[in-house]
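Colleague: any chance you can model this:
(2 chains)
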There are 2 protein chains.
Amino acid sequence: MTEIIEISQNICFGGKQKRFKHYSEVNQCEMTFSIFLPPQVDQQPAPVLYWLSGLTCTDENFVQKAGAQRIASELGLIIVCPDTSPRGTDVPDDPQGSWDFGLGAGFYVNATVLPWSKHYNMFDYVNQELPGIIKQHFPINDNQAISGHSMGGHGALISAFKQPGAFASVSAFAPITNPILCPWGIKAFNHYLGSDSTRWSQYDACELLKQGVEPLPVMVDQGSSDAFLTEQLKINSLEKAAQDNGFPIDLSIQEGYDHSYFFIASFIEKHLRFHAKHLGLSS
Amino acid sequence: MTEIIEISQNICFGGKQKRFKHYSEVNQCEMTFSIFLPPQVDQQPAPVLYWLSGLTCTDENFVQKAGAQRIASELGLIIVCPDTSPRGTDVPDDPQGSWDFGLGAGFYVNATVLPWSKHYNMFDYVNQELPGIIKQHFPINDNQAISGHSMGGHGALISAFKQPGAFASVSAFAPITNPILCPWGIKAFNHYLGSDSTRWSQYDACELLKQGVEPLPVMVDQGSSDAFLTEQLKINSLEKAAQDNGFPIDLSIQEGYDHSYFFIASFIEKHLRFHAKHLGLSS
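Modeller: Sure thing, here's the model as predicted:
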């Protein structure tokens, strides 16, 4: 059993917003995560939504800014927020100190190239190690879903697409849809996965759709005034890959919204009710 | 007309969350404020709620963490968030650099003692200068209310109590109710108002109630697990002063909640609907 240490607890909308740290075997460092436990878990196990955050975030941004606890408390939904990268003095960072690679920018892949491969194994962390820890310590049932924002939207999509049957549903806010063809993704994958770009497609939502993905409910929202839309996020690429491969996606362009948490807060209720429906909760 | 410069705009719940800076005559420095404009203001003027934040905050904490835009957008309520003190390189700060006095801790008083009196005139700023600027630049009607948290709850209560008829209603989350008898208030008032404590009572909600306050609707929420409750906030003192002086207050102790924005987020809807009723909006 992995030991976890409680860092904080705040009552919120009748539930418990908690934060824990623990040693991660797959990332070889101490990791932090946040978890919201709705009041219903005092009576019976609840389903879990994993939320993956974007570049520069920690486990705390979503917790403080999205306003999700109100709806999770009503629905009886546990929300788990991992950090966005390994952390600690032993963990290498971008030597240039940029915000789009290294600490806070793990891109939810398993790195294969030194020095990154020792610690940067976020795909296995969020999909294997952390769910195992959650199951050990919290009253969850067998239903889980996944969502995320920007780099975390990419993480949510590839997690669901690569693991048939693992999630009841997946959603994303302004995801990086085609990382092998955008500057953020090319920079990160070059470092984490090496320069042979044929190895990158396993972590690219559009490429996975081309290879064939088992159907599951997918919801995506994208703001029309998002400054990163054209160069980095490329929602049209996801729409085309889905259409070309007969894969239905519930995609909405939200007029005037940008890339911020003001956008996420405005539509998180829509996403949580979508997941609740597929997680066996009354939405 | 005071010139204001837009710093940012984000669409949020169909409304506009904006941030501005301007030169303040009463504080003799540049000030920043945030304003949420619900979609209804495109059709007709709306009432305004002023939100006063607590120690260490800026105009942004409430905007990012309270989740108020959802309800303000539904109700058609403008929310204005001032900063919590004057700012800038010319503005003196606590020489000890502590967080409970000086920058981020203006305590919503007009300082009378040098060097503070040149810049620290937050009572006149939030009650006179800023409302004048809001009226010049935004489609408001004549109805306004005021609310706040901790130091800002104190600011909201004294603003309403000292100015009969100025506000349709006032509310507070975990307010500093009796600053002349708590460590935060004694420290701040000693500096801003001088050591003659007879001058402090004009800025103390409990003392104002003893002197007599014109009736208006008042709602207060206080978390039972607030770490500052006994030493600093003293909700019992407010309750007693109100009872002793026949002044009704809608006071609730919220079991298990602490002093954080998780507490505010959990009950902001209750407060906004309370104000809406008194501001002539359908709540």
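
Colleague: what does the stretch 101-250 of chain A put close to chain B?
Modeller: A:Gly223, A:Ser225 (Cβ under 8 Å from any Cβ of the partner chain). Bear in mind the C-beta positions are built from the backbone N, C-alpha and C, glycine included.

Colleague: repeat that with 10 Å
Modeller: In this structure, the stretch 101-250 of chain A approaches chain B at residues A:Gly223, A:Ser224, A:Ser225, judged by Cβ under 10 Å from any Cβ of the partner chain.

Colleague: now do the contacts for the first one.
Modeller: Under the criterion of Cβ atoms under 10 Å, 6 or more residues apart in numbering or on different chains, the contact partners of A:Gly223 comprise A:173-174, A:229, A:233, A:235, A:252-260, A:262-264, A:266-267, B:10-11.

Colleague: against B:Glu255, how distant is it?
Modeller: 39 Å (Cβ to Cβ, to the nearest Å).

Colleague: and the helices in chain A?
Modeller: With DSSP state H applied, chain A shows helices at A:60-65, A:69-75, A:122-124, A:130-137, A:151-162, A:183-193, A:205-211, A:235-244, A:261-278, listed in chain order.

Colleague: which one, of the ones you listed, ends up nearest to A:Phe33?
Modeller: A:Phe33 lies closest to helix A:130-137 among those, at 6.5 Å (Cβ to Cβ).

Colleague: quick one: the closest one to chain centroid distance?
Modeller: 16 Å (Cα atoms, centre = their mean, to the nearest Å).

Colleague: same for that helix, what does it pack against?
Modeller: Secondary-structure packing of helix A:130-137 (3 or more Cβ pairs under 10 Å, 6 or more residues apart in numbering or on different chains; DSSP states H and E): strand A:4-12, strand A:15-24, strand A:29-37, strand A:46-52, strand A:78-82, strand A:140-149.

Colleague: try it again at 8 Å.
Modeller: For helix A:130-137, the contact count by 3 or more Cβ pairs under 8 Å, 6 or more residues apart in numbering or on different chains; DSSP states H and E identifies strand A:29-37, strand A:46-52, strand A:78-82 as packing neighbours.

Colleague: so how many other residues sit close to the residue in the stretch 51-200 of chain A that chain B sits nearest to?
Modeller: Chain B sits closest to A:Gly67 of the stretch 51-200 of chain A, with a gap of 3.7 Å, by Cβ to the nearest Cβ. Number of residues near A:Gly67 (other Cβ atoms under 10 Å in any protein chain shown) recorded here: 24.

Colleague: return the residues in contact with it.
Modeller: Residues near A:Gly67 by Cβ atoms under 8 Å, 6 or more residues apart in numbering or on different chains: A:Ala265, A:Ile268, B:Gly67, B:Arg70, B:Ala265.

Colleague: go again with 6 Å.
Modeller: The contact partners of A:Gly67, taken as Cβ atoms under 6 Å, 6 or more residues apart in numbering or on different chains, are A:Ala265, B:Gly67.

Colleague: so how far is B:Ile268 from it?
Modeller: With distances taken as Cβ to Cβ, A:Gly67 is found 10 Å from B:Ile268.

Colleague: repeat that for A:Asp100.
Modeller: A:Asp100 is 34 Å from B:Ile268, where distance means Cβ to Cβ.

Colleague: just the helices of chain A: most buried one?
Modeller: helix A:151-162 (a mean of 28; mean count of other Cβ atoms under 10 Å in any protein chain shown).

Colleague: now it: average pLDDT?
Modeller: The average pLDDT within helix A:151-162 is 98.

Colleague: quick one: contacts of it?
Modeller: Identification of contacts with helix A:151-162 by Cβ under 6 Å, 6+ apart yields A:52-55, A:108, A:127, A:146-148, A:167, A:170, A:172-173, A:175-176, A:179, A:203, A:205, A:208, A:213.

Colleague: which among the residues you listed end up buried?
Modeller: Using 16 or more other Cβ atoms under 10 Å in any protein chain shown as the burial test, the contacts of helix A:151-162 include A:52-55, A:108, A:127, A:146-148, A:167, A:170, A:172-173, A:175-176, A:179, A:203, A:205, A:208, A:213 as buried.

Colleague: give me the number of residues near A:Glu231?
Modeller: Counted by other Cβ under 10 Å, the residues lying close to A:Glu231 total 10.

Colleague: nearest to chain B within the stretch 101-250 of chain A, name that residue for me.
Modeller: Closest approach between the stretch 101-250 of chain A and chain B, counting by Cβ to the nearest Cβ: A:Ser225, at 7.2 Å.

Colleague: and that residue, its phi and psi?
Modeller: A:Ser225 adopts backbone torsions of phi -100, psi 20, taken as degrees, to the nearest 10.

Colleague: tell me the contacts of it?
Modeller: By Cβ under 6 Å, 6+ apart, A:Ser225 lies in contact with A:Gly256, A:Asp258.

Colleague: hmm, back to that, could the helices of chain A go into TSV alongside distance to A:Gln28?
Modeller: Listed next are those as TSV, based on distance: least, Cβ to Cβ, whole Å:
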stretch	distance to A:Gln28
helix A:60-65	23
helix A:69-75	32
helix A:122-124	12
helix A:130-137	15
helix A:151-162	20
helix A:183-193	15
helix A:205-211	27
helix A:235-244	33
helix A:261-278	31
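
Colleague: now for those helices, which one comes closest to B:Phe20?
Modeller: Closest to B:Phe20 of the helices of chain A is helix A:261-278 (Cβ to Cβ; 16.4 Å).

Colleague: what sits up against the closest one?
Modeller: So helix A:261-278 is contacted by A:49, A:65-68, A:71, A:75, A:145, A:147, A:149, A:168-169, A:171, A:173, A:217, A:219, A:221, A:223, A:257, A:283, B:10, B:12-13, B:17 (Cβ under 6 Å, 6+ apart).

Colleague: what do you get if the cut-off is 7 Å, keeping everything else the same?
Modeller: Residues outside helix A:261-278 that contact it (Cβ atoms under 7 Å, 6 or more residues apart in numbering or on different chains) are A:49, A:61, A:65-68, A:71-72, A:75, A:77, A:145, A:147, A:149, A:168-169, A:171, A:173, A:217, A:219, A:221, A:223, A:254, A:257, A:283, B:10-13, B:17, B:64, B:67.

Colleague: put the alpha carbons of it into PDB.
Modeller: Taking C-alpha atoms only, helix A:261-278 is exported to PDB below (Å, rounded to 0.1, in the frame of the first residue of the first chain):
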ATOM      1  CA  TYR A 261     -10.100  29.400 -16.500                       C
ATOM      2  CA  PHE A 262     -13.000  31.900 -17.100                       C
ATOM      3  CA  PHE A 263     -13.700  29.700 -20.100                       C
ATOM      4  CA  ILE A 264     -13.400  26.500 -18.100                       C
ATOM      5  CA  ALA A 265     -15.600  27.800 -15.300                       C
ATOM      6  CA  SER A 266     -18.300  28.800 -17.800                       C
ATOM      7  CA  PHE A 267     -18.600  25.300 -19.200                       C
ATOM      8  CA  ILE A 268     -17.500  22.900 -16.400                       C
ATOM      9  CA  GLU A 269     -21.100  22.200 -15.400                       C
ATOM     10  CA  LYS A 270     -21.900  21.000 -19.000                       C
ATOM     11  CA  HIS A 271     -18.900  18.700 -18.900                       C
ATOM     12  CA  LEU A 272     -19.500  17.300 -15.400                       C
ATOM     13  CA  ARG A 273     -23.200  16.500 -16.300                       C
ATOM     14  CA  PHE A 274     -22.000  14.800 -19.500                       C
ATOM     15  CA  HIS A 275     -19.700  12.600 -17.500                       C
ATOM     16  CA  ALA A 276     -22.300  12.000 -14.800                       C
ATOM     17  CA  LYS A 277     -24.600  10.500 -17.400                       C
ATOM     18  CA  HIS A 278     -22.000   8.000 -18.500                       C
END
